[in-house]
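Participant: predicted model follows, preceded by the sequence.
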Amino acid sequence: AQSVTQLDSQVPVFEEAPVELRCNYSSSVSVYLFWYVQYPNQGLQLLLKYLSGSTLVKGINGFEAEFNKSQTSFHLRKPSVHISDTAEYFCAVEGGYQKVTFGIGTKLQVIP
Amino acid sequence: DGGITQSPKYLFRKEGQNVTLSCEQNLNHDAMYWYRQDPGQGLRLIYYSQIVNDFQKGDIAEGYSVSREKKESFPLTVTSAQKNPTAFYLCASSNLPSPGTNEQFFGPGTRLTVL
């Protein structure tokens, strides 16, 4: 079995400030990790993914995430947020049999 | 442009009626998925299909049905047996040649409201 925990349901942050959205996972097999973004009333789109290799992964829109196997974490970061980053962010894990499990999401609210 | 389309964007239904949500993809992906999204609950898998003429129940399949007669199409029917159907429904697809490749591409969603 596998699971994903997004520790914060909402994160308010001022524009141009840094942000970290936390994600922890559990799995009995090797995993592949994803972050998706969802703007209001739209589908999800991929921000970045970790498959193997370097544990620091860079994605679109200036986001990056670091895979930490010992802490079973895959936190998403951005050094300076913009109003347009206001959205909901989902962490996901692909484990055995290519099954994907999504977290419940974190709403990022950027304050002008 | 390749992508996934869902229609309609908004759908209203009276209690006791079945409704069908459309999902079409032109990405030539083998696998397709239906998710339900409710506030604070993330995405929950309803049904998925990895090949034409075959599909599997997800975590919350009760009250829903699907078909996969063509590779590019995966319609979802919300039946009158679904007790609380008001939600945002998302369709997705992916190619699955090997582990670590289940990156899913999502449609824009259909918001279903039961009146």
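Facilitator: Looks like it came in fine. Numbers count the residues shown, from 1 in each chain, chains lettered A, B, ... in the order given.
Participant: what parts of chain B come near chain A?
Facilitator: Listed as neighbours of chain A in chain B under the rule CB under 8 Å from any CB of the partner chain: B:4, B:6, B:35, B:40-43, B:88, B:90, B:92, B:96, B:99-109, B:111. (C-beta placed from N, C-alpha, C; glycine too.)
Participant: for residue B:45, which residues make a bridge with it?
Facilitator: Residue B:45 forms beta bridges with residue B:35, as assigned by DSSP bridges.
Participant: list the contacts for it?
Facilitator: Counting by CB atoms under 8 Å, 6 or more residues apart in numbering or on different chains, residue B:45 touches B:33, B:34, B:35, B:58, B:59, B:60.
Participant: ok, for the fifth one, nearest residue in space, not its chain neighbours?
Facilitator: So that's residue B:59. Counting by CB to CB, 6 or more residues apart in numbering or on different chains, residue B:59 lies nearest to residue B:45, which is 5.1 Å off, once chain neighbours are set aside.
Participant: cool, the second one as well?
Facilitator: Closest residue to residue B:34 in three dimensions, ignoring its sequence neighbours and counting by CB to CB, 6+ apart: residue B:46, at 4.3 Å.
Participant: the fourth one now?
Facilitator: Nearest-residue entry for residue B:58: residue B:45, 3.2 Å, with adjacent residues in sequence omitted and distances by CB to CB, 6+ apart.
Participant: for chain A, what lies in contact range of chain B?
Facilitator: With CB under 8 Å from any CB as the criterion, chain A meets chain B at residues A:9, A:32, A:34, A:36, A:41-46, A:49, A:51-52, A:90, A:94, A:98-100, A:102-105.
Participant: just the buried residues out of those, in ChimeraX syntax.
Facilitator: Here is the ChimeraX selection string for the buried members of these, based on 16 or more other CB atoms under 10 Å in any protein chain shown:
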select /A:32,34,36,43,44,46,49,90,94,98,100,102,103,104,105
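Participant: I'm done for today, thanks for sticking with me.
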